[in-house]
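Engineer: Predicted model and sequence below, questions to follow.
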Amino acid sequence: MKQAICDNTSFKTRDCIKIFTYSTLLLLLTFPLNGLSFGWSAIIGSLCYVLLAYKALEKYKNFRLEVIFFILAGRLWLEYPIRVFAFKDTLCSLMVTIFELWNIGMVIWYFKHHKSKVAIIVGIIGWVYFVFFGHPQWLEFAYQKEYSLHNIYSISLK
């Protein structure tokens, strides 16, 4: 009987570590895109985190709180110290983080309300607002100069 309890606990711990590792790997794989384009980085990173959150929440239905915690922890643990010590210098990429967290939140809402279509609609409205209005306004604020959609989403290697 004790063996079964230990196996269940180690299974749960192993899966949480796996989710944390996947989330961290996604951060490390998508983070270099910030150097090319904040707009594309946010879009590609968000899609990756939506897929991770969806698959993990679908697979581990009984451990949703743990799944959410380890996805968020894997996403934020490397970024948090940089933002604390160099907040003003990292202000331009803060919207990428906010957008990725928004999309993770939309997946959580989707599952919490039993795969609600309203969550999908709100998520799409959030995407449209972010891509066409929110991100350009944020970069104007962060850099104190005007940006257009062409400047944000064009990929340049300067």
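Structural biologist: Yep, that arrived.

Engineer: what about the helices in this protein?
Structural biologist: Listed in chain order, the helices of the chain (DSSP state H) span 2-30, 38-59, 64-76, 79-85, 94-112, 117-129, 135-143, 149-153.

Engineer: Would you single out the least confident of those helices?
Structural biologist: Among the helices of the chain, helix 149-153 carries the lowest mean pLDDT, a mean of 56.

Engineer: Would you point out which residue is most central in the protein?
Structural biologist: E100 (3.1 Å; Cα atoms, centre = their mean).

Engineer: show me what contacts that residue?
Structural biologist: Counting by Cβ atoms under 8 Å, 6 or more residues apart in numbering, E100 touches 42, 45-46, 49, 75. From N, CA and C alone the C-beta is placed, and that goes for glycine too.

Engineer: For burial, what's the neighbour tally of the nearest residue to F130 once chain neighbours are set aside?
Structural biologist: Nearest residue to F130, sequence neighbours excluded (Cβ to Cβ, 6 or more residues apart in numbering): F99, at 5.3 Å. The number of residues packed near F99 is 25, by other Cβ atoms under 10 Å.

Engineer: Do I have it right that F99 meets G123?
Structural biologist: No. Applying Cβ atoms under 8 Å as the test, F99 and G123 come out as separate, 11.2 Å apart.

Engineer: quick one: W77 from I44, how far?
Structural biologist: 20 Å (Cβ to Cβ, to the nearest Å).

Engineer: if I look at F20, how far off is P32?
Structural biologist: For F20 relative to P32 (Cβ to Cβ), the value is 20 Å.

Engineer: When the two are compared, which one has more neighbours?
Structural biologist: F20 (18 against 9).

Engineer: how about the more buried one, what does it touch?
Structural biologist: Contacts of F20 (Cβ under 8 Å, 6+ apart): 70-71, 73-74.

Engineer: Give me the buried subset of these.
Structural biologist: Of all these considered here, the ones buried according to neighbour count by 16 or more other Cβ atoms under 10 Å are 70-71, 74.

Engineer: Format the residues you listed as a markdown table; extra columns: distance to G105.
Structural biologist: Listed next are these as a markdown table, based on distance: Cβ to Cβ, whole Å:
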| residue | distance to G105 |
| --- | --- |
| F70 | 15 |
| I71 | 11 |
| G74 | 15 |
